[in-house]
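Student: output the structure for:
(2 chains)
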Amino acid sequence: MGITKLLIANRGEIALRIQRAARDLGIKTVQVHSEADTEMLAVKLADEAICIGPAPAAKSYLDIDAILKAARDSGADAIHPGYGFLSENAGFADRVVAAGLIFVGPSGDTIRMMGDKAAARASALAAGVPTVPGSDGIITDMAAAEALAGQIGFPVMIKAAAGGGGRGIRVAETAEEFRTLAPQASAEAKAAFGDGGIYIEKLIARARHVEVQIMGDGQDVVHFFDRECSLQRRRQKVWEEAPSAALDDTTREALCQSAVALAKSVNYRGAGTLEYLYDDATGAFYFIEMNTRIQVEHPVTEMITGHDLLAEMIRVAGGAPLSLRQSDIQRRGHAIEVRLNAEDPANNFMPFPGVVSGLRLPDGPGVRMDHMLYQGYAIPPFYDSLLGKLVVWADTREAALTRLGRALGELQVDGLPTTAPLFSALLGDAELRANHVHTKWLEPWLDSHAHLIAAEKDKAA
Amino acid sequence: MPTEIRSPVPGTFYRKPAPDQPAFKEAGDSVAAGETVGLVEVMKTFIEIKAADAGVIAEFTVEDGTPVTPGQCVCVME
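Tutor: Sure, this is the predicted structure:
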C-alpha cells in the first residue's frame, strides 16, 4: 500500500523533522496548524497547510474532528502525531483508522495497554522483563509486609494505596524502621484517605534513567541501543546521551534484549521507547514504562547508528516490513543532545517567548540542529518552550563533550533568552564530565551553581 | 495616585486561579503588597502577577483569558 500523502498533526521542530523524513521518502505533506502558527517554518515548507482552529491547543492540535476533516479535505492517506498532543491518545489512533487512514504508530489497543501502568507492568513481567520490585498489590498484614520488605531489600518505600502526589510515602532503611513506619503509614492513610491499604516498592537511590529505542513491524522487533537521560529538571529531560556511558556491554545487551522481548510479546508496530531505572550500585535495571511514539531525544540514536528512525516508522506504518535486521544496526561513537528552550536559566527558567532578531547556528563535523528557528520568527507563547535540539557526535564521550562546547560557542540566538548558558556551565562540571550523575543530580546542582549559569549568560550576551 | 500592575511576560491573562473558582480580586477590593491579582500563562507555565504595594483595585484593564504583551498593564490600583 504505502503512504503517498502524510498529514502532520503537530508543530514546531518535530513537525519539520517529520516533514523532512516524508520528503526524503517522496511523500507529500499536509501541515495542520493553529491560527497562532501561520508563520511556523513547517507551515511555510509543507506542500499544503491547513488552519484547524484558534491558538489554544484544545481547539486546534487536540481537536480530533478538525484534524480528520483536514485529512479528508486534503486527501491525505496517513497521519503522523509526532510527540505530545495526540501521539499517545488511543481514541485518536482508533478514530484515524476508523476514518480509513493510516495512523503512524501502534494500534489504539497497544497504546491503551502500554499507557496503563499496571497493564504495562504485567506485560513486562510476562515477558520476563524486570520491574521495580514491590508488593504487586495492597498489603494489610504487617508481618507479611515486613517479610516481603526483607526479601525486596532495604531501603523500601511505603506508599499509601489511596495516596498520590507524594502524600503518604515513607522510606524505611531497616527492618526496625519498617516495623515503626508501616503501621504509621497505614494509620495516616486511613485518616487522610479513609483507606489504610499500603503497598511497598524498592527505593532505588541515585538511579539513572536509561531507555531503549525499538522499532517493530507487528511481527519482528529490532532495537537501536540505549540512551541515558538522567539530567532532568522537574521530571523534564534537559540533556540526553547515546549510548549510556554507565553500562558495560553485557548489561547493555541484556537491557536491549529485554526491550525487544517485551515489544515482541505485544506484537509492537512502530517506533517505541522502553524506559528503565538503572542502579549503579548493583548493575540491575528495572522497566518503568513504555512510550508508544517517537521521542524528542531520538536524534542521539540516529547519530550513533546512522539510521533514520522517522523514515523507518513511516515505511512500517505504510505496511512495509522492517528494512533492517538486528545485525544491520551497529553503533559507533557517542552522541549528546541538549534541549534549547525559550527559558531564562538565570531566572528560575522563566519562559519568555520573543522575536528571533538574530541567529547564528553551529555547523561543521558531527553537529546537527533540529530546530524551528529563523531570523524574524515570533515564537508564539501558547505552546511548550522547546525551540530545538543541539546534537553533537564524536568518537568518544570526551570528544563529544568538547565538540558540544565548540558548538555552543558558535550558537547565538538574539531576541530571547535560551537555556544555552546552562549547558555551557554544565560542561565545566567535573562530576558531569565523569558521568557521576543520577535523576536527582541536576536540581540541587542548579541551586548551588546559579552564579555559574548567570556568568555564562553574561559572557554570551 | 493610580499605579499600574504590568505583566512581565507575554501570554494569556487569567483573573481566576482555576476556571471553576472565583476571581483573585474584583474592582474595589483592597490588595496587600505581594498579593496575587492574576496569572499569565506563558508556554504552559503559570506566572503569578502580584501587586508591588498595598492599595485598592480601580479596574482591570484586560479581560479574563485574553492575550497580553510584555509590560502591558493588566490592572490599575489607587
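Student: all strands of the stretch 351-461 of chain A, in order?
Tutor: In the stretch 351-461 of chain A, the segments counted as strands under DSSP state E, counting those that start in this stretch are A:358-360, A:367-371, A:386-394, A:412-414.
Student: tabulate those strands in CSV, adding columns for mean neighbour count.
Tutor: The way it works is simple: take the backbone N, C-alpha and C, and place the C-beta from them, glycine included. Converted to CSV, the strands of the stretch 351-461 of chain A look like this (neighbours: other CB atoms under 10 Å in any protein chain shown):
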stretch, mean neighbour count
strand A:358-360, 12
strand A:367-371, 20
strand A:386-394, 24
strand A:412-414, 17
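Student: and stretch B:53-70, average pLDDT?
Tutor: Mean pLDDT, computed over stretch B:53-70, is 93.
Student: quick one on the thing from earlier: for residue A:433, find the nearest of the strands of the stretch 351-461 of chain A.
Tutor: strand A:386-394 (13.9 Å; CB to CB).
Student: adjacent strands (with direction) for that closest one?
Tutor: Strand pairing for strand A:386-394, using DSSP bridges, gives strand A:334-341 (antiparallel), strand A:367-371 (antiparallel).
Student: which stretch among the strands of the stretch 351-461 of chain A comes nearest residue B:21?
Tutor: Going by CB to CB, the one of those nearest residue B:21 is strand A:386-394, 30.1 Å.
Student: tell me the bridge partners for the closest residue to chain B within chain A.
Tutor: Minimum separation of chain A from chain B (CB to the nearest CB) falls at residue A:351, amounting to 3.7 Å. Note on residue A:351: beta-bridge partners residue A:343, judged by DSSP bridges.
Student: I'd say it and residue B:41 touch.
Tutor: No: counting by CB atoms under 8 Å, residue A:351 does not reach residue B:41; the two are 9.7 Å apart.
Student: the more surrounded of these two?
Tutor: Comparing residue A:351 with residue B:41 by other CB atoms under 10 Å in any protein chain shown, the one with more neighbours is residue A:351, at 23 against 20.
Student: end-to-end on stretch A:132-149?
Tutor: 13 Å (CA to CA, to the nearest Å).
Student: could you list the buried residues of that stretch?
Tutor: For stretch A:132-149, a neighbour-count test (16 or more other CB atoms under 10 Å in any protein chain shown) marks A:132, A:133, A:134, A:135, A:139, A:145, A:146, A:148, A:149 as buried.
Student: before we move on, back to that, overlap of the contact sets of residue A:351 and residue B:41?
Tutor: Shared between the contact lists of residue A:351 and residue B:41 (criterion: CB atoms under 8 Å, 6 or more residues apart in numbering or on different chains) are residues residue A:381.
Student: one step back: and the residue of chain A closest to chain B, what pLDDT?
Tutor: 95.
Student: repeat that for residue A:200.
Tutor: On the pLDDT scale, residue A:200 gets 87.
Student: and residue A:115, by the same measure?
Tutor: 87.
Student: sorry, back to before: out of the buried residues of stretch A:132-149, who's nearest residue A:377?
Tutor: Of all those, residue A:377 sits closest to residue A:132, with 43.1 Å by CB to CB.
Student: can you give me the distance of whichever residue of chain B sits closest to chain A to residue B:9?
Tutor: As assessed by CB to the nearest CB, chain A sits closest to residue B:43 within chain B, at 3.7 Å. Going from residue B:43 to residue B:9 by CB to CB, to the nearest Å gives 9 Å.
Student: residue A:177 too?
Tutor: With CB to CB as the criterion, residue A:177 and residue B:9 are 46 Å apart.
Student: show me which of the two is the more surrounded one.
Tutor: Comparing residue A:177 with residue B:9 by other CB under 10 Å, the one with more neighbours is residue B:9, at 21 against 17.
Student: start to end distance for stretch A:119-134?
Tutor: 15 Å.
Student: which residues are in contact with that stretch?
Tutor: Contacts for stretch A:119-134 (CB under 8 Å, 6+ apart): A:113-114, A:152-153, A:199-202, A:204, A:258-259, A:261-262, A:264-266, A:277, A:284-290.
Student: tally of neighbours for residue A:94?
Tutor: Residue A:94 has 16 neighbouring residues, counting by other CB under 10 Å.
Student: ok, it - contacts?
Tutor: Contact partners of residue A:94, counting by CB under 8 Å, 6+ apart, are residue A:108.
Student: what about the helix or strand harbouring it, distance to the chain center?
Tutor: Here residue A:94 sits within helix A:90-98, counting by DSSP states H and E. Using CA atoms, centre = their mean, to the nearest Å, the mean C-alpha position of helix A:90-98 is found 22 Å from that of the whole chain.
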